[in-house]
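[1] Let's see this in three dimensions:
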Amino acid sequence: MRSLPALLFVLLLTSSFAAAQRPNFLLIIADDLCWRDLGYEGNAEVKTPNLDKLRTESMHLRGMFNPATTCSPTRHALYTGLYPIRSGAYPNHTRVYDGTKSLFTHLKDAGYRVALQNKEHVGPKPSFPYEHIEGADDLTVTKSFVTRDASQPWFMVFASNDPHGPWTRGPKYDPTKLTIPPYLHDNKITRDLLAAYYGEITKLDEQVGALMKLLNDTQQAENTLVMFVSEQGSSFPYGGKWSVYDNGIHASALVRWPGKVKPGSSSKALMQYVDVPPTFLDAAGIDPTRIDVSCPDANGATGFDGISFLPVLRGEIDRLRDYVFAQHTTLGTNGALEAYPMRMVRDARYKLIRNLAPENTYTIGGIHQGQPIESWKADAENNYKLADRVKWLFKRPGEELYDLQSDPEEMKNLAEDPEFETIKARLQTQLDAWVAQQKDHGMETENLASTRQGKSDDEPRKAKKKGKKKAAK
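    The predicted model follows:
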(Lines give C-alpha, C1' and ligand atoms only; values in the text may rest on other atoms or scores of the structure.)
Protein backbone atom coordinates (compact mmCIF):
# COMPACT_ATOMS: atom_id res chain seq x y z
CA MET A 1 0.00 0.00 0.00
CA ARG A 2 1.33 3.45 -0.95
CA SER A 3 2.09 6.00 1.76
CA LEU A 4 0.13 9.26 1.94
CA PRO A 5 3.05 11.37 0.62
CA ALA A 6 3.41 9.00 -2.35
CA LEU A 7 -0.30 9.26 -3.12
CA LEU A 8 -0.11 13.04 -2.91
CA PHE A 9 2.83 13.01 -5.31
CA VAL A 10 0.86 10.90 -7.80
CA LEU A 11 -2.14 13.22 -7.51
CA LEU A 12 0.02 16.29 -8.01
CA LEU A 13 1.76 14.70 -10.98
CA THR A 14 -1.59 13.76 -12.54
CA SER A 15 -2.94 17.25 -11.92
CA SER A 16 0.13 18.89 -13.50
CA PHE A 17 -0.13 16.59 -16.53
CA ALA A 18 -3.81 17.41 -16.97
CA ALA A 19 -3.06 21.14 -16.70
CA ALA A 20 -0.30 20.83 -19.28
CA GLN A 21 -2.77 19.27 -21.75
CA ARG A 22 -5.30 22.06 -21.42
CA PRO A 23 -4.83 24.71 -24.11
CA ASN A 24 -3.91 28.30 -23.51
CA PHE A 25 -6.29 30.85 -25.03
CA LEU A 26 -5.32 34.08 -26.78
CA LEU A 27 -8.30 36.18 -27.89
CA ILE A 28 -7.34 39.15 -30.10
CA ILE A 29 -9.97 41.87 -30.55
CA ALA A 30 -9.77 44.73 -33.03
CA ASP A 31 -11.44 48.05 -32.21
CA ASP A 32 -13.98 49.55 -34.65
CA LEU A 33 -12.94 47.43 -37.64
CA CYS A 34 -15.35 46.57 -40.45
CA TRP A 35 -14.98 42.91 -41.38
CA ARG A 36 -14.65 43.79 -45.08
CA ASP A 37 -11.47 45.84 -44.51
CA LEU A 38 -8.92 43.02 -44.31
CA GLY A 39 -6.73 41.48 -46.96
CA TYR A 40 -7.94 37.93 -46.47
CA GLU A 41 -11.57 39.13 -46.65
CA GLY A 42 -10.97 40.45 -50.14
CA ASN A 43 -9.74 44.02 -49.64
CA ALA A 44 -6.65 44.09 -51.85
CA GLU A 45 -5.66 47.64 -50.88
CA VAL A 46 -5.31 47.46 -47.09
CA LYS A 47 -2.10 45.71 -46.05
CA THR A 48 -2.63 42.95 -43.44
CA PRO A 49 0.17 40.40 -44.09
CA ASN A 50 0.20 38.96 -40.56
CA LEU A 51 -3.55 38.43 -40.44
CA ASP A 52 -3.46 37.01 -43.96
CA LYS A 53 -0.84 34.50 -42.78
CA LEU A 54 -2.91 33.69 -39.69
CA ARG A 55 -5.85 32.97 -41.97
CA THR A 56 -3.80 30.28 -43.80
CA GLU A 57 -3.12 28.64 -40.42
CA SER A 58 -6.70 28.92 -39.14
CA MET A 59 -10.33 28.11 -39.72
CA HIS A 60 -12.11 31.14 -41.17
CA LEU A 61 -15.47 31.46 -39.43
CA ARG A 62 -17.46 33.15 -42.19
CA GLY A 63 -20.74 33.04 -40.29
CA MET A 64 -19.64 34.91 -37.13
CA PHE A 65 -21.87 37.76 -35.90
CA ASN A 66 -21.77 40.10 -32.93
CA PRO A 67 -25.00 40.86 -31.05
CA ALA A 68 -24.50 44.61 -30.56
CA THR A 69 -23.12 47.60 -32.44
CA THR A 70 -20.97 49.46 -29.91
CA CYS A 71 -17.83 48.43 -28.07
CA SER A 72 -19.00 47.90 -24.51
CA PRO A 73 -22.09 45.68 -25.05
CA THR A 74 -20.20 43.75 -27.73
CA ARG A 75 -17.35 42.95 -25.34
CA HIS A 76 -19.65 42.05 -22.47
CA ALA A 77 -21.40 39.54 -24.73
CA LEU A 78 -18.08 38.14 -25.95
CA TYR A 79 -16.84 37.56 -22.40
CA THR A 80 -20.07 36.44 -20.71
CA GLY A 81 -21.80 34.33 -23.35
CA LEU A 82 -24.98 36.35 -22.74
CA TYR A 83 -26.86 38.67 -25.06
CA PRO A 84 -26.68 42.32 -23.91
CA ILE A 85 -30.20 42.95 -22.63
CA ARG A 86 -30.31 39.76 -20.58
CA SER A 87 -26.97 40.58 -18.92
CA GLY A 88 -27.91 44.24 -18.40
CA ALA A 89 -25.00 45.43 -20.56
CA TYR A 90 -26.94 46.86 -23.50
CA PRO A 91 -26.15 50.61 -23.84
CA ASN A 92 -22.59 51.77 -24.39
CA HIS A 93 -20.36 52.47 -21.34
CA THR A 94 -22.29 49.74 -19.59
CA ARG A 95 -22.00 46.92 -17.06
CA VAL A 96 -23.58 43.53 -16.40
CA TYR A 97 -25.87 42.87 -13.45
CA ASP A 98 -24.00 42.33 -10.19
CA GLY A 99 -23.17 38.67 -9.68
CA THR A 100 -22.94 37.83 -13.38
CA LYS A 101 -19.99 35.59 -14.21
CA SER A 102 -17.69 35.80 -17.21
CA LEU A 103 -15.24 33.57 -19.06
CA PHE A 104 -12.52 35.08 -16.87
CA THR A 105 -14.42 33.82 -13.80
CA HIS A 106 -14.99 30.31 -15.13
CA LEU A 107 -11.43 29.73 -16.36
CA LYS A 108 -9.90 31.25 -13.25
CA ASP A 109 -12.02 28.91 -11.12
CA ALA A 110 -10.70 26.04 -13.27
CA GLY A 111 -7.08 26.92 -12.48
CA TYR A 112 -6.22 29.26 -15.34
CA ARG A 113 -4.45 32.56 -14.84
CA VAL A 114 -6.36 35.24 -16.70
CA ALA A 115 -5.46 38.67 -18.08
CA LEU A 116 -6.68 41.42 -20.36
CA GLN A 117 -4.31 43.79 -22.14
CA ASN A 118 -5.28 47.33 -23.20
CA LYS A 119 -8.94 48.31 -23.67
CA GLU A 120 -11.28 47.15 -20.90
CA HIS A 121 -14.74 48.75 -21.29
CA VAL A 122 -16.46 46.10 -19.09
CA GLY A 123 -17.71 45.97 -15.51
CA PRO A 124 -18.24 45.59 -12.67
CA LYS A 125 -14.80 44.34 -11.70
CA PRO A 126 -15.97 41.29 -9.67
CA SER A 127 -17.57 39.88 -12.83
CA PHE A 128 -14.28 40.20 -14.75
CA PRO A 129 -11.49 39.10 -12.40
CA TYR A 130 -8.60 39.52 -14.83
CA GLU A 131 -5.12 40.91 -14.36
CA HIS A 132 -4.97 44.12 -16.38
CA ILE A 133 -1.93 44.71 -18.59
CA GLU A 134 -1.26 48.18 -20.00
CA GLY A 135 0.47 48.92 -23.28
CA ALA A 136 -0.48 48.16 -26.86
CA ASP A 137 2.86 47.76 -28.57
CA ASP A 138 5.27 46.69 -25.82
CA LEU A 139 4.80 42.95 -25.22
CA THR A 140 7.36 42.72 -22.42
CA VAL A 141 4.68 42.40 -19.75
CA THR A 142 2.71 40.09 -22.03
CA LYS A 143 5.70 37.77 -22.24
CA SER A 144 6.05 37.82 -18.47
CA PHE A 145 2.40 36.82 -18.10
CA VAL A 146 2.39 33.93 -20.58
CA THR A 147 5.68 32.47 -19.26
CA ARG A 148 5.06 32.98 -15.55
CA ASP A 149 4.28 29.37 -14.65
CA ALA A 150 4.75 26.59 -17.20
CA SER A 151 2.48 24.25 -15.23
CA GLN A 152 -0.51 26.62 -15.31
CA PRO A 153 -2.58 27.26 -18.46
CA TRP A 154 -3.52 30.84 -19.26
CA PHE A 155 -6.24 32.89 -20.94
CA MET A 156 -5.44 36.36 -22.24
CA VAL A 157 -7.45 38.91 -24.17
CA PHE A 158 -5.39 41.30 -26.28
CA ALA A 159 -7.86 44.14 -26.82
CA SER A 160 -6.19 46.45 -29.34
CA ASN A 161 -7.12 50.13 -29.57
CA ASP A 162 -6.69 50.05 -33.35
CA PRO A 163 -8.30 51.07 -35.65
CA HIS A 164 -10.54 53.14 -33.33
CA GLY A 165 -10.50 56.83 -34.25
CA PRO A 166 -8.90 59.27 -34.32
CA TRP A 167 -6.77 57.54 -36.96
CA THR A 168 -3.20 58.70 -36.24
CA ARG A 169 -1.11 55.52 -36.22
CA GLY A 170 0.41 53.20 -38.79
CA PRO A 171 1.84 53.67 -42.29
CA LYS A 172 0.64 56.31 -44.73
CA TYR A 173 -1.71 55.28 -47.54
CA ASP A 174 -2.15 57.42 -50.67
CA PRO A 175 -5.80 58.61 -50.62
CA THR A 176 -5.83 59.15 -54.38
CA LYS A 177 -5.08 55.49 -55.10
CA LEU A 178 -7.83 53.93 -52.98
CA THR A 179 -10.99 52.27 -54.24
CA ILE A 180 -13.91 53.70 -52.26
CA PRO A 181 -16.33 51.03 -50.98
CA PRO A 182 -19.83 51.33 -52.52
CA TYR A 183 -21.44 52.22 -49.19
CA LEU A 184 -19.25 55.34 -48.82
CA HIS A 185 -19.51 58.61 -50.75
CA ASP A 186 -16.38 59.36 -52.76
CA ASN A 187 -14.91 62.78 -52.06
CA LYS A 188 -11.56 64.10 -50.81
CA ILE A 189 -12.52 64.08 -47.14
CA THR A 190 -13.74 60.49 -47.32
CA ARG A 191 -10.56 59.44 -49.10
CA ASP A 192 -8.29 61.16 -46.57
CA LEU A 193 -10.13 59.55 -43.66
CA LEU A 194 -10.17 56.12 -45.31
CA ALA A 195 -6.41 56.30 -45.90
CA ALA A 196 -5.82 57.13 -42.22
CA TYR A 197 -8.17 54.32 -41.12
CA TYR A 198 -6.32 51.82 -43.32
CA GLY A 199 -3.06 52.89 -41.68
CA GLU A 200 -4.41 51.90 -38.28
CA ILE A 201 -5.61 48.55 -39.61
CA THR A 202 -2.02 47.88 -40.69
CA LYS A 203 -0.88 48.93 -37.21
CA LEU A 204 -3.28 46.36 -35.75
CA ASP A 205 -1.82 43.79 -38.13
CA GLU A 206 1.67 44.55 -36.79
CA GLN A 207 0.43 43.83 -33.27
CA VAL A 208 -0.98 40.49 -34.42
CA GLY A 209 2.38 39.62 -35.97
CA ALA A 210 4.18 40.51 -32.74
CA LEU A 211 1.81 38.32 -30.72
CA MET A 212 2.31 35.34 -33.05
CA LYS A 213 6.09 35.82 -32.81
CA LEU A 214 5.82 35.91 -29.02
CA LEU A 215 4.02 32.56 -29.00
CA ASN A 216 6.69 31.08 -31.23
CA ASP A 217 9.58 32.56 -29.24
CA THR A 218 8.15 31.24 -25.95
CA GLN A 219 7.40 27.84 -27.55
CA GLN A 220 3.70 28.11 -26.73
CA ALA A 221 2.22 28.25 -30.22
CA GLU A 222 1.44 24.52 -30.39
CA ASN A 223 -0.70 24.50 -27.24
CA THR A 224 -2.46 27.85 -27.69
CA LEU A 225 -5.87 28.35 -29.27
CA VAL A 226 -5.70 31.76 -30.97
CA MET A 227 -8.89 33.57 -31.97
CA PHE A 228 -9.10 36.89 -33.80
CA VAL A 229 -12.33 38.92 -34.10
CA SER A 230 -12.89 42.24 -35.87
CA GLU A 231 -15.41 43.72 -33.38
CA GLN A 232 -18.40 45.72 -34.68
CA GLY A 233 -17.65 47.80 -37.74
CA SER A 234 -15.96 51.10 -38.49
CA SER A 235 -17.18 54.56 -37.51
CA PHE A 236 -17.78 55.72 -41.08
CA PRO A 237 -21.41 56.36 -42.03
CA TYR A 238 -22.62 52.95 -43.15
CA GLY A 239 -19.29 51.51 -41.96
CA GLY A 240 -21.21 49.39 -39.50
CA LYS A 241 -20.84 50.85 -36.03
CA TRP A 242 -24.14 52.05 -34.53
CA SER A 243 -26.19 50.03 -37.04
CA VAL A 244 -27.42 46.46 -37.38
CA TYR A 245 -26.49 46.23 -41.04
CA ASP A 246 -23.95 43.53 -41.89
CA ASN A 247 -21.07 46.02 -41.96
CA GLY A 248 -21.66 46.28 -38.22
CA ILE A 249 -22.86 42.89 -37.02
CA HIS A 250 -20.95 40.57 -39.35
CA ALA A 251 -17.54 39.92 -37.78
CA SER A 252 -14.40 38.56 -39.34
CA ALA A 253 -13.17 35.66 -37.20
CA LEU A 254 -10.22 33.25 -37.31
CA VAL A 255 -9.33 30.34 -35.02
CA ARG A 256 -5.90 28.70 -35.01
CA TRP A 257 -5.32 25.62 -32.86
CA PRO A 258 -2.46 23.42 -34.10
CA GLY A 259 -3.37 19.75 -34.34
CA LYS A 260 -7.06 20.44 -33.66
CA VAL A 261 -8.22 22.92 -36.31
CA LYS A 262 -7.42 22.31 -39.97
CA PRO A 263 -5.22 25.12 -41.37
CA GLY A 264 -6.78 27.03 -44.24
CA SER A 265 -10.26 25.64 -43.58
CA SER A 266 -13.48 27.62 -43.36
CA SER A 267 -17.05 27.31 -42.14
CA LYS A 268 -20.24 29.16 -43.02
CA ALA A 269 -22.01 28.01 -39.85
CA LEU A 270 -24.00 30.86 -38.27
CA MET A 271 -22.61 31.72 -34.83
CA GLN A 272 -22.28 34.70 -32.49
CA TYR A 273 -19.88 36.23 -29.99
CA VAL A 274 -21.98 34.70 -27.19
CA ASP A 275 -20.85 31.28 -28.47
CA VAL A 276 -17.18 31.99 -27.72
CA PRO A 277 -17.21 31.41 -23.91
CA PRO A 278 -18.90 27.98 -24.08
CA THR A 279 -16.53 27.01 -26.90
CA PHE A 280 -13.41 27.96 -24.93
CA LEU A 281 -14.70 26.11 -21.87
CA ASP A 282 -15.48 23.07 -24.02
CA ALA A 283 -11.95 23.18 -25.44
CA ALA A 284 -10.59 23.30 -21.87
CA GLY A 285 -12.51 20.13 -20.97
CA ILE A 286 -15.25 21.96 -19.05
CA ASP A 287 -18.88 21.16 -19.87
CA PRO A 288 -20.45 24.56 -20.73
CA THR A 289 -23.99 23.21 -20.33
CA ARG A 290 -23.36 22.81 -16.60
CA ILE A 291 -22.22 26.39 -16.05
CA ASP A 292 -24.31 28.76 -13.94
CA VAL A 293 -23.79 32.35 -15.11
CA SER A 294 -25.92 33.74 -12.25
CA CYS A 295 -28.02 35.85 -14.62
CA PRO A 296 -31.46 34.28 -15.29
CA ASP A 297 -33.38 34.79 -18.51
CA ALA A 298 -37.16 35.25 -18.75
CA ASN A 299 -37.64 31.51 -18.25
CA GLY A 300 -35.46 31.39 -15.13
CA ALA A 301 -32.58 29.61 -16.92
CA THR A 302 -29.09 30.55 -15.74
CA GLY A 303 -27.02 28.97 -18.49
CA PHE A 304 -25.30 30.60 -21.44
CA ASP A 305 -27.15 32.10 -24.38
CA GLY A 306 -24.20 30.79 -26.37
CA ILE A 307 -23.56 27.34 -27.85
CA SER A 308 -20.19 25.63 -28.14
CA PHE A 309 -18.95 25.58 -31.73
CA LEU A 310 -16.08 23.20 -30.90
CA PRO A 311 -17.60 20.56 -33.25
CA VAL A 312 -17.41 23.15 -36.05
CA LEU A 313 -13.73 23.77 -35.30
CA ARG A 314 -13.06 20.06 -35.37
CA GLY A 315 -14.74 19.78 -38.76
CA GLU A 316 -17.48 17.49 -37.43
CA ILE A 317 -20.41 19.77 -38.33
CA ASP A 318 -20.94 22.87 -40.47
CA ARG A 319 -24.21 24.12 -38.97
CA LEU A 320 -24.71 25.60 -35.52
CA ARG A 321 -27.55 28.16 -35.50
CA ASP A 322 -30.49 28.86 -37.80
CA TYR A 323 -30.78 32.50 -36.66
CA VAL A 324 -28.58 35.20 -35.18
CA PHE A 325 -29.77 38.31 -33.32
CA ALA A 326 -28.57 41.82 -32.54
CA GLN A 327 -29.71 45.04 -30.92
CA HIS A 328 -28.63 48.64 -30.75
CA THR A 329 -29.40 51.06 -27.94
CA THR A 330 -28.83 54.68 -28.91
CA LEU A 331 -29.26 56.30 -25.50
CA GLY A 332 -25.94 56.54 -23.70
CA THR A 333 -23.96 56.88 -26.91
CA ASN A 334 -21.97 60.12 -27.18
CA GLY A 335 -24.10 62.80 -28.81
CA ALA A 336 -27.38 60.86 -28.73
CA LEU A 337 -30.37 63.20 -28.76
CA GLU A 338 -33.34 60.83 -29.02
CA ALA A 339 -34.02 57.15 -28.49
CA TYR A 340 -33.64 55.15 -31.70
CA PRO A 341 -33.47 51.46 -30.65
CA MET A 342 -32.99 48.68 -33.18
CA ARG A 343 -33.62 44.92 -33.02
CA MET A 344 -32.49 42.45 -35.68
CA VAL A 345 -32.86 38.79 -36.66
CA ARG A 346 -30.97 37.21 -39.56
CA ASP A 347 -30.79 33.75 -41.10
CA ALA A 348 -28.35 32.63 -43.79
CA ARG A 349 -30.09 34.77 -46.42
CA TYR A 350 -32.67 37.20 -45.04
CA LYS A 351 -32.59 39.93 -42.40
CA LEU A 352 -35.41 41.66 -40.53
CA ILE A 353 -34.80 44.92 -38.64
CA ARG A 354 -37.22 46.65 -36.28
CA ASN A 355 -36.64 50.34 -35.59
CA LEU A 356 -38.69 50.90 -32.46
CA ALA A 357 -38.96 54.70 -32.68
CA PRO A 358 -39.09 55.57 -36.41
CA GLU A 359 -40.90 58.80 -35.60
CA ASN A 360 -37.74 60.07 -33.90
CA THR A 361 -34.60 61.39 -35.60
CA TYR A 362 -31.55 59.17 -35.23
CA THR A 363 -28.78 61.54 -34.14
CA ILE A 364 -25.54 60.62 -32.37
CA GLY A 365 -22.09 62.15 -32.42
CA GLY A 366 -20.25 59.48 -34.34
CA ILE A 367 -21.97 59.39 -37.74
CA HIS A 368 -24.33 62.37 -37.66
CA GLN A 369 -21.90 65.15 -36.76
CA GLY A 370 -18.47 66.22 -37.98
CA GLN A 371 -16.66 64.62 -40.90
CA PRO A 372 -17.25 63.00 -43.27
CA ILE A 373 -21.02 63.55 -42.91
CA GLU A 374 -20.80 67.34 -43.17
CA SER A 375 -19.01 67.03 -46.52
CA TRP A 376 -21.58 64.47 -47.66
CA LYS A 377 -24.40 66.89 -46.81
CA ALA A 378 -22.74 69.62 -48.83
CA ASP A 379 -22.26 67.34 -51.84
CA ALA A 380 -25.85 66.07 -51.52
CA GLU A 381 -27.20 69.49 -52.47
CA ASN A 382 -26.47 68.59 -56.10
CA ASN A 383 -26.77 64.79 -55.86
CA TYR A 384 -30.25 63.42 -55.18
CA LYS A 385 -29.07 59.81 -54.73
CA LEU A 386 -26.56 60.92 -52.11
CA ALA A 387 -29.25 63.08 -50.51
CA ASP A 388 -31.42 59.98 -50.08
CA ARG A 389 -28.52 58.08 -48.46
CA VAL A 390 -27.78 60.94 -46.07
CA LYS A 391 -31.46 61.19 -45.15
CA TRP A 392 -31.56 57.43 -44.44
CA LEU A 393 -28.87 57.89 -41.78
CA PHE A 394 -31.30 60.06 -39.79
CA LYS A 395 -34.69 58.49 -40.60
CA ARG A 396 -35.66 54.87 -41.25
CA PRO A 397 -38.99 53.05 -41.36
CA GLY A 398 -40.28 50.84 -38.57
CA GLU A 399 -39.38 47.65 -40.47
CA GLU A 400 -36.60 46.75 -42.87
CA LEU A 401 -36.25 43.44 -44.72
CA TYR A 402 -33.30 42.49 -46.91
CA ASP A 403 -32.39 39.62 -49.20
CA LEU A 404 -28.67 39.43 -48.49
CA GLN A 405 -28.05 37.06 -51.38
CA SER A 406 -29.21 39.49 -54.06
CA ASP A 407 -28.58 42.67 -52.06
CA PRO A 408 -25.48 42.25 -49.83
CA GLU A 409 -25.15 46.02 -49.36
CA GLU A 410 -28.71 46.19 -47.92
CA MET A 411 -29.92 48.91 -50.26
CA LYS A 412 -33.40 47.61 -51.16
CA ASN A 413 -35.92 47.41 -48.32
CA LEU A 414 -38.43 44.61 -49.02
CA ALA A 415 -40.54 45.02 -45.87
CA GLU A 416 -43.61 46.25 -47.79
CA ASP A 417 -43.27 43.77 -50.67
CA PRO A 418 -46.10 41.18 -50.42
CA GLU A 419 -43.90 38.60 -52.16
CA PHE A 420 -41.79 38.40 -48.99
CA GLU A 421 -44.64 38.39 -46.46
CA THR A 422 -44.13 34.73 -45.46
CA ILE A 423 -40.40 35.25 -44.95
CA LYS A 424 -41.02 38.38 -42.90
CA ALA A 425 -43.59 36.58 -40.72
CA ARG A 426 -41.15 33.74 -40.05
CA LEU A 427 -38.43 36.16 -39.00
CA GLN A 428 -40.88 38.15 -36.87
CA THR A 429 -41.77 34.99 -34.94
CA GLN A 430 -38.10 34.31 -34.21
CA LEU A 431 -37.45 37.90 -33.17
CA ASP A 432 -40.50 37.93 -30.88
CA ALA A 433 -39.28 34.77 -29.14
CA TRP A 434 -35.78 36.19 -28.67
CA VAL A 435 -36.86 39.53 -27.19
CA ALA A 436 -39.19 37.69 -24.80
CA GLN A 437 -36.44 35.32 -23.66
CA GLN A 438 -34.13 38.31 -23.12
CA LYS A 439 -36.69 40.22 -21.02
CA ASP A 440 -36.57 42.99 -23.62
CA HIS A 441 -39.51 45.37 -23.22
CA GLY A 442 -38.70 47.60 -26.17
CA MET A 443 -38.98 51.32 -25.47
CA GLU A 444 -39.28 50.67 -21.74
CA THR A 445 -35.93 48.89 -21.82
CA GLU A 446 -34.39 51.60 -24.01
CA ASN A 447 -35.45 54.36 -21.64
CA LEU A 448 -33.74 52.58 -18.74
CA ALA A 449 -30.36 52.67 -20.53
CA SER A 450 -28.83 55.26 -18.21
CA THR A 451 -29.43 52.97 -15.22
CA ARG A 452 -27.23 50.35 -16.87
CA GLN A 453 -24.23 52.66 -17.18
CA GLY A 454 -21.48 53.22 -14.63
CA LYS A 455 -19.11 50.99 -12.70
CA SER A 456 -21.62 49.42 -10.34
CA ASP A 457 -25.27 49.48 -9.37
CA ASP A 458 -24.38 52.05 -6.71
CA GLU A 459 -22.56 54.36 -9.13
CA PRO A 460 -24.44 55.13 -12.37
CA ARG A 461 -22.30 56.64 -15.08
CA LYS A 462 -22.11 60.40 -15.21
CA ALA A 463 -22.00 61.63 -18.78
CA LYS A 464 -18.57 63.04 -19.47
CA LYS A 465 -16.21 63.19 -22.38
CA LYS A 466 -13.24 60.85 -22.39
CA GLY A 467 -9.94 62.62 -22.90
CA LYS A 468 -7.88 59.67 -24.08
CA LYS A 469 -6.55 59.52 -27.59
CA LYS A 470 -8.59 56.36 -28.12
CA ALA A 471 -11.87 57.47 -26.56
CA ALA A 472 -14.40 54.71 -25.91
CA LYS A 473 -17.23 55.92 -28.08
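
[2] Looking at the protein, which helix is longest?
    Using DSSP state H to define each element, the chain has its longest helix at helix 188-217.

[3] Report the buried residues of that one.
    By neighbour count on 16 or more other CB atoms under 10 Å, the buried set for helix 188-217 is 189-209, 211-212, 214-215. Any C-beta I mention is one placed from the backbone N, CA and C, and that applies to glycine too.

[4] was I right about Lys395 contacting Glu359?
    No. Distance between Lys395 and Glu359: 9.2 Å, which falls outside the contact criterion (CB atoms under 8 Å).

[5] These two - which one has more neighbours?
    Lys395 (13 against 9; other CB atoms under 10 Å).

[6] what's the closest non-adjacent residue to that one?
    Closest residue to Lys395 apart from its sequence neighbours, by CB to CB, 6 or more residues apart in numbering: Thr361 at 6.5 Å.

[7] Go ahead and confirm the one you found touches Arg396.
    No. Under the criterion of CB under 8 Å, Thr361 is not in contact with Arg396, lying 10.4 Å apart.

[8] Please say which of these two ends up with more neighbours.
    Arg396 (17 against 12).

[9] show me what contacts that one?
    Contact partners of Arg396, counting by CB atoms under 8 Å, 6 or more residues apart in numbering, are Asn355, Pro358, Tyr362.

[10] ok, it to Phe128 distance?
    Using CB to CB, to the nearest Å, we find Arg396 at a distance of 35 Å from Phe128.

[11] do the same with Arg343
    26 Å.

[12] Among those two, which residue is more densely surrounded?
    Taking neighbours as other CB under 10 Å, Arg343 and Phe128 compare with Phe128 leading, 25 against 22.

[13] you'd agree the more buried one is up against Thr100?
    No. Using CB under 8 Å, Phe128 makes no contact with Thr100, being 9.4 Å away.

[14] Compute the first-to-last residue distance for stretch 411-424.
    Terminal residues of stretch 411-424 lie 17 Å apart, using CA to CA, to the nearest Å.

[15] which residues sit against that stretch?
    Tyr350, Leu352, Pro397, Glu399, Glu400, Leu401, Tyr402, Asp403.

[16] Describe which strands the one helix or strand Ile28 maps to pairs with in its sheet and in which direction.
    Per DSSP states H and E, Ile28 falls inside strand 24-29. Paired strands of strand 24-29, with direction, are strand 154-159 (parallel), strand 224-229 (parallel) (DSSP bridges).

[17] who wins for most neighbours among the contacts of Arg396?
    Tyr362 (24 neighbours).

[18] Tell me, how many residues neighbour the residue lying closest to that residue once chain neighbours are set aside?
    What sits nearest to Tyr362 in space, not counting adjacent residues and going by CB to CB, 6+ apart, is Tyr340, at 4.1 Å. Tyr340 has 26 neighbours, counted by other CB under 10 Å.

[19] For Tyr340, give me its contacts.
    Counted by CB under 8 Å, 6+ apart, Tyr340 has contacts Thr330, Asn355, Leu356, Ala357, Asn360, Thr361, Tyr362, Thr363.

[20] just Pro129 next, same as before
    Applying CB under 8 Å, 6+ apart, the residues contacting Pro129 are Phe104, Thr105, Lys108, Val114.

[21] pLDDT wise, what is Ala20 at?
    Predicted confidence (pLDDT) for Ala20: 49.

[22] same check, this time on Pro91
    Confidence at Pro91, expressed as pLDDT, is 96.

[23] ok so, going back, with distance to Gln369 added, can I get the strands paired with strand 24-29 in a markdown table?
    Output for the strands paired with strand 24-29, formatted as a markdown table (distance: least, CB to CB, whole Å):
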| stretch | distance to Gln369 |
| --- | --- |
| strand 154-159 | 27 |
| strand 224-229 | 28 |
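
[24] Can you lay out those strands as a markdown table showing mean neighbour count and distance to His250?
    A markdown table is the format used below for the strands paired with strand 24-29 (neighbours: other CB atoms under 10 Å; distance: least, CB to CB, whole Å):
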| stretch | mean neighbour count | distance to His250 |
| --- | --- | --- |
| strand 154-159 | 24 | 20 |
| strand 224-229 | 23 | 11 |
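
[25] I'd like the ones you listed as TSV, with distance to His441 and mean pLDDT appended.
    TSV is the format used below for these (distance: least, CB to CB, whole Å; pLDDT from 0 to 100):
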stretch	distance to His441	mean pLDDT
strand 154-159	31	98
strand 224-229	30	98
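
[26] I'd assumed Asn24 was in contact with Lys220.
    For the record, residue 220 is Gln, not Lys. Yes. Assessed by CB under 8 Å, Gln220 is found in contact with Asn24 at 6.2 Å.

[27] mind listing what Gln117 touches?
    Contacts of Gln117 (CB under 8 Å, 6+ apart): His132, Ile133, Glu134, Gly135, Ala136, Val141, Thr142, Met156, Val157, Phe158, Ala159.

[28] pretty sure the third one is touching Asn118, no?
    Same thing as Glu134. Yes. When contacts are counted by CB under 8 Å, Glu134 is listed as touching Asn118 (7.3 Å).

[29] These two: who's more crowded?
    Taking other CB under 10 Å, Glu134 and Asn118 do not tie; Asn118 has more neighbours (21 against 8).

[30] Give the bridge partners for the nearest residue to the more buried one once chain neighbours are set aside, please.
    Using CB to CB, 6+ apart and skipping the chain neighbours, the partner closest in space to Asn118 is Ala159 (4.7 Å). Note on Ala159: beta-bridge partners by DSSP bridges are Ile29, Asn118.

[31] For Ala159, give me its contacts.
    Listed by CB under 8 Å, 6+ apart, the contact set of Ala159 reads Ile29, Asp31, Arg75, Leu116, Gln117, Asn118, Lys119, Glu120, His121.
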